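Engineer: What follows is a protein structure lacking sequence information:
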DNA sequence: GTCTATAATACGATAGAC
DNA sequence: GTCTATCGTATTATAGAC
């Protein structure tokens, strides 16, 4: 009795990685099938269209994000939680410099498409998760302008990643994140 | 005696606008020819390839930027100049919210291409112009960490545009820019 | 210089054998 | 469920008449 095939999972993993590295528009289904070790024709047994797999990618990223929040939420204070959040960007600085932000990049690309409002909506909600979580943490810190702080922090992060990616210099991310960490410490 | 054709100029203008609105990957040469009122076949009389016209777009944007700097440099102090720079983002907030940053978006897209290092290099240099100009202004203000300030400001700007674009909310740009303006005022 | 074909190719998607 | 073969279409690019 054959084990249940893990090809769907492999395709999804391959799609997450490939779309991140090459961008959605420049990723072909052949690329995804290839890195996943699946024949192109077989791709369609698991996903009906290219849009369907990117939708699955968004759902998967959303799931990962929610589990990560669950972990952070175990930390004792919002201050510590925000610093844990910020430190992930330093830990991942090299990847972010090489490929940009997986959420920011996907949002930007899908936002340009007018033919799939559902997909645009889903990626917007995914992108906004960080903002909501940050806003919540600042509210717990009794900050009157919690939302503005969240926008300030997340703008800086996204912008720093874009600059680092364009200039191929991860120090931009590290410097800006360290500045934000100090800012939190002084709050 | 026929006037010299302005079709090259029209194609370039059309390309600038269309690539900005739809992104490079999702812009077809037919789109550009169409909005420019030029037959597709005729496109190739003026530009040999799609990459060649985006190269011209980059050069054109570079030229515009340099003239803008020349204007700003007439202003009496670096503080006033930086505020003039910042205010352009508020003036253009609706466009930026609808389409993202023309430089940031192009940089992001072309950065993913490994087959055209020259193009990647040119867009990187274009993107960096703002950073250089900002760094120079902060140096004139005798700021020890001029480069870090430039990174901080430009990261915030680029990130705010990305957030506004994704959430379709121009207030994010306006709020962040106003915060930066106040920051400059206090310097 | 301009236009009408049309070639060449890449890629999303399908058919059908196994 | 998996694979090979192939279709259909979009898009870059060219040929060649005018």
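Structural biologist: Nice, I can see it. The structure displayed is predicted, hence computed values, not measured ones.
Engineer: Output the set of residues of chain A in proximity to DNA strand D.
Structural biologist: Within chain A, the residues that sit near DNA strand D (C-beta under 7 Å from any atom of the strand) are A:4-5, A:7, A:38-42, A:44-45. No exception for glycine: its C-beta is placed from N, CA and C like everyone else's.
Engineer: Export these as JSON lines, with columns for distance to residue B:32, secondary structure and pLDDT.
Structural biologist: Output for the residues of chain A next to DNA strand D, formatted as JSON lines (distance: C-beta to C-beta, whole Å; DSSP: H, G, I helix; E, B strand; the rest coil; pLDDT from 0 to 100):
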{"residue": "A:4", "distance to residue B:32": "49", "secondary structure": "coil", "pLDDT": "68"}
{"residue": "A:5", "distance to residue B:32": "45", "secondary structure": "coil", "pLDDT": "83"}
{"residue": "A:7", "distance to residue B:32": "40", "secondary structure": "helix", "pLDDT": "97"}
{"residue": "A:38", "distance to residue B:32": "37", "secondary structure": "coil", "pLDDT": "98"}
{"residue": "A:39", "distance to residue B:32": "37", "secondary structure": "coil", "pLDDT": "98"}
{"residue": "A:40", "distance to residue B:32": "31", "secondary structure": "helix", "pLDDT": "98"}
{"residue": "A:41", "distance to residue B:32": "35", "secondary structure": "helix", "pLDDT": "98"}
{"residue": "A:42", "distance to residue B:32": "37", "secondary structure": "helix", "pLDDT": "98"}
{"residue": "A:44", "distance to residue B:32": "33", "secondary structure": "helix", "pLDDT": "98"}
{"residue": "A:45", "distance to residue B:32": "38", "secondary structure": "helix", "pLDDT": "98"}
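Engineer: quick one: which of those residues is nearest residue B:53?
Structural biologist: Among those, residue A:40 lies closest to residue B:53 (C-beta to C-beta), at 32.0 Å.
Engineer: and the gap between the residue lying closest to that closest one once chain neighbours are set aside and residue B:16?
Structural biologist: Residue nearest to residue A:40 in three dimensions, not counting chain neighbours: residue A:33, with 4.5 Å by C-beta to C-beta, 6 or more residues apart in numbering or on different chains. Between residue A:33 and residue B:16 the computed distance is 36 Å (C-beta to C-beta, to the nearest Å).
Engineer: On the three-state scheme, residue A:142 is what?
Structural biologist: coil (DSSP: H, G, I helix; E, B strand; the rest coil).
Engineer: Outline the domain layout of chain A.
Structural biologist: A:1-47, A:50-185 (automatic domain parsing).
Engineer: Residue A:5: neighbouring residues, count only.
Structural biologist: Look at residue A:5: counted by other C-beta atoms under 10 Å in any protein chain shown, it has 12 neighbours.
Engineer: what's the distance between it and residue B:106?
Structural biologist: 41 Å.
Engineer: Quick one: mean pLDDT over stretch A:24-31.
Structural biologist: Average pLDDT, stretch A:24-31: 98.
Engineer: What pLDDT is listed against residue A:3?
Structural biologist: 51.
Engineer: Kindly calculate the angle that the helix or strand hosting residue A:154 makes with helix B:146-167.
Structural biologist: Take DSSP states H and E as the rule and residue A:154 turns out to sit in helix A:146-167. Counting by axes from the mean of the first three to the mean of the last three C-alpha atoms, to 10 degrees, helix A:146-167 lies at 110 degrees to helix B:146-167.
Engineer: Show me what counts as buried in the next helix-or-strand element following helix A:146-167.
Structural biologist: Scanning forward in sequence from helix A:146-167 by DSSP H and E, the next helix or strand is helix A:171-185. By neighbour count on 16 or more other C-beta atoms under 10 Å in any protein chain shown, the buried set for helix A:171-185 is A:172-177, A:179-180, A:184.
Engineer: out of those, who's nearest DNA strand C?
Structural biologist: Nearest to DNA strand C among the buried residues of helix A:171-185 is residue A:173, at 30.4 Å by C-beta to the nearest atom of the strand.
Engineer: Against residue A:161, how distant is residue A:37?
Structural biologist: Applying C-beta to C-beta to residue A:37 and residue A:161 gives a distance of 31 Å.
Engineer: So for these two, which residue has more residues nearby?
Structural biologist: Counted by other C-beta under 10 Å, residue A:37 and residue A:161 do not tie: residue A:161 has more neighbours, with 32 against 10.
Engineer: Distance of that one relative to residue B:180?
Structural biologist: When distance is defined by C-beta to C-beta, residue A:161 is 19 Å away from residue B:180.
Engineer: again, but for residue A:13
Structural biologist: 40 Å.
Engineer: Could you do residue A:85 as well?
Structural biologist: To residue B:180, residue A:85 is 23 Å away according to C-beta to C-beta.
Engineer: Please apply the same query to residue A:155.
Structural biologist: Plainly put, residue A:155 is 10 Å away from residue B:180 if you go by C-beta to C-beta.
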